[in-house]
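Novice: sequence plus predicted model, see below.
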Amino acid sequence: MPDVTDGRLPHISTVIGNAILFEPKPVRELPMDFASLVNDVSRLFALLEAREVDYVLVGGIAMLSYVEGRNTEDINLIVSLSSLEKLPEIVITAQDADWPRGQFRDLRIDFLLTSNRLFDRVCQRFSTEREFVERAIPTATVEGLLLLKLYALPSLYRQGNFARVGLYENDIATLLQAYRPPVEPLLNELTQHLSNSDMRELRAILHDIERRVQRFDQQDR
């Protein structure tokens, strides 16, 4: 399980700061200082609370609240478009259908809009409150994270995005191995959001992942 501080989940600012600091490629400049990054994270979540924005934390930070060994430079949030419009302090730097990207001071934020039915479903049915160092934050459940990652896989395969395919498949395998959630209800949920051909491909991918988990379990005995 991930490192905790005083019984709470990891410090979001530390996770992001370490990911930026140890990034092997100079993708972007470091924040001015760590104190600035800490303040930015606190200000962001205080702003979401002050504007009464309904949101759910997903992505790498949410993953790290359940399993160790996952770094990320970004914060990922499910929100509605109307909620996003309440936040003029966040500059939208890219817009890709249901996945706008924003910048809040030194923080990069990837949004998943609830105009996508699955994202809305995760927000409504697959979220829980998790106690991070900064504050209690609405966060996707293990099942919610699995739904999002499984949903993305067929598209990532079509794009030939090998790096993200590997990352997502590893996340899925890690969650399955650690928590053993029933898989069939998740697949039943996804049939409402993916085509028949995508579902066939997804079942084959998931079968391979489950076999990897089984091999790991056998070696661990």
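Specialist: Good, I have the coordinates. Since this is a predicted model, take the numbers as computed values, not measurements. Numbering: from 1, shown residues only.
Novice: centre-most residue in this structure?
Specialist: G59 (1.1 Å; C-alpha atoms, centre = their mean).
Novice: dump the residue contacts of that one.
Specialist: 72, 74-76, 110 (C-beta atoms under 8 Å, 6 or more residues apart in numbering). Placement of C-beta: from N, CA and C, glycine included.
Novice: quick check: domain ranges of the chain?
Specialist: 12-140, 144-219 (automatic domain parsing).
Novice: and the first one, what's its mean pLDDT?
Specialist: Over the span of domain 12-140, the pLDDT mean works out to 87.
Novice: and that domain, end to end?
Specialist: 15 Å (C-alpha to C-alpha, to the nearest Å).
Novice: thinking again about what came up before, backbone phi and psi for the residue nearest to the centre of the chain, please?
Specialist: phi 80, psi -160 (degrees, to the nearest 10).
Novice: quick one: it from I75, how far?
Specialist: 7 Å (C-beta to C-beta, to the nearest Å).
Novice: joint contacts of the two?
Specialist: D110.
Novice: how about stretch 166-185 as PDB, C-alpha atoms only?
Specialist: Output of stretch 166-185 as PDB, limited to C-alpha atoms (Å, rounded to 0.1, in the frame of the first residue of the first chain):
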ATOM      1  CA  GLY A 166       1.700  -0.400 -21.200                       C
ATOM      2  CA  LEU A 167       1.100   2.100 -18.400                       C
ATOM      3  CA  TYR A 168      -2.700   1.500 -18.400                       C
ATOM      4  CA  GLU A 169      -2.300  -2.300 -18.600                       C
ATOM      5  CA  ASN A 170       0.100  -2.200 -15.700                       C
ATOM      6  CA  ASP A 171      -2.300  -0.100 -13.600                       C
ATOM      7  CA  ILE A 172      -5.100  -2.500 -14.400                       C
ATOM      8  CA  ALA A 173      -3.000  -5.500 -13.500                       C
ATOM      9  CA  THR A 174      -1.800  -3.900 -10.200                       C
ATOM     10  CA  LEU A 175      -5.400  -3.000  -9.100                       C
ATOM     11  CA  LEU A 176      -6.700  -6.500 -10.000                       C
ATOM     12  CA  GLN A 177      -3.900  -8.200  -8.100                       C
ATOM     13  CA  ALA A 178      -4.200  -6.000  -5.000                       C
ATOM     14  CA  TYR A 179      -8.000  -5.800  -4.700                       C
ATOM     15  CA  ARG A 180      -9.500  -8.700  -6.600                       C
ATOM     16  CA  PRO A 181     -12.700  -6.900  -7.700                       C
ATOM     17  CA  PRO A 182     -15.200  -8.800  -9.700                       C
ATOM     18  CA  VAL A 183     -14.500  -8.100 -13.400                       C
ATOM     19  CA  GLU A 184     -17.700  -9.200 -15.100                       C
ATOM     20  CA  PRO A 185     -19.800  -6.400 -13.600                       C
END
